[in-house]
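[1] show me how the following folds:
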Amino acid sequence: MVITISITNETSYTWYYSYEKDKNGSKLKAHGTATGRWPLGFSLLKYPFRMFDAMLDKGIFLSYGDHSRWDLQSDNRIDDFTLRESDDRQYFELVNSSDEVVDRCTNFARVEEEKREREERKRQQEQEKRRKKEEEERRQAELERMRKIQEERKRKQEQQERERVERERREWERRERERLERERREQERLEREQLEQNGNGENGKD
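    Numbers count the residues shown, from 1 in each chain. As a prediction, the model looks like this:
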């Protein structure tokens, strides 16, 4: 007599299963089904003349991913089983053919997803923080550039103003020198004329 137990994996994740607790697990792919068969006589060696106990000796044991321990099990159950996620995705559930939950465990995939989501949020927050910091640095650099431009423009304007004042001063001094020179020459001319008139007057008396 051969006893058969099938397990259907309705999850999107890889599991490992065994029909004996102390055996190594076999791979159960995502959305895959596995069927195990063994001679009833093997269990009768443990339970001679006890058919019912021999039939209950088998069950199914499942581990998620690379876990080294069994996460779900159906001790002493001869049935077909389905592995699924709970409606709220908080648990993995092992259900029998009557849709009864035989065992449940933490939804490790969801835990990993939440961890990745937290890490992604953290990465995005850090990225946003860096982006804002870079934007602020660029803004400050632009402000500094504009400040230097304004300072340079102001310096040039002040320089130009000083040069204009200096040019006007030199122009005023030049005109003042010319005026004084004209006045000096005019004074000399008048003095010469006065001397000439005085000289002519003395000659007429003679």
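[2] so which strand or helix has the spatially most central residue of the chain?
    Here the mean C-alpha position of the chain is nearest to the C-alpha of Q127 (CA atoms, centre = their mean), at a distance of 2.3 Å. In this structure, Q127 is located in helix 108-205 according to DSSP states H and E.
[3] picking that back up, next one: the residue nearest to the centre of the chain from R118, what distance?
    Shown here: Q127 relative to R118, a distance of 15 Å by CB to CB, to the nearest Å. Using the backbone N, CA and C atoms, a C-beta is placed for each residue, glycine as well.
[4] and Y19, by the same measure?
    The value you get for Y19 to R118, if CB to CB is used, is 37 Å.
[5] and those two? Which one has more around it.
    Between Y19 and R118, Y19 has the larger neighbour count (other CB atoms under 10 Å), namely 20 against 10.
[6] wait, isn't that one in contact with W70?
    No. Using CB atoms under 8 Å, Y19 is not in contact with W70, being 11.9 Å away.
[7] who touches both of the two?
    Counting by CB atoms under 8 Å, 6 or more residues apart in numbering, the common neighbours of Y19 and W70 are F61.
[8] count the neighbours of R147 for me.
    For R147, the count of nearby residues is 10 (other CB under 10 Å).
[9] nope, E151 is what I was after
    Counted by other CB under 10 Å, the residues lying close to E151 total 10.
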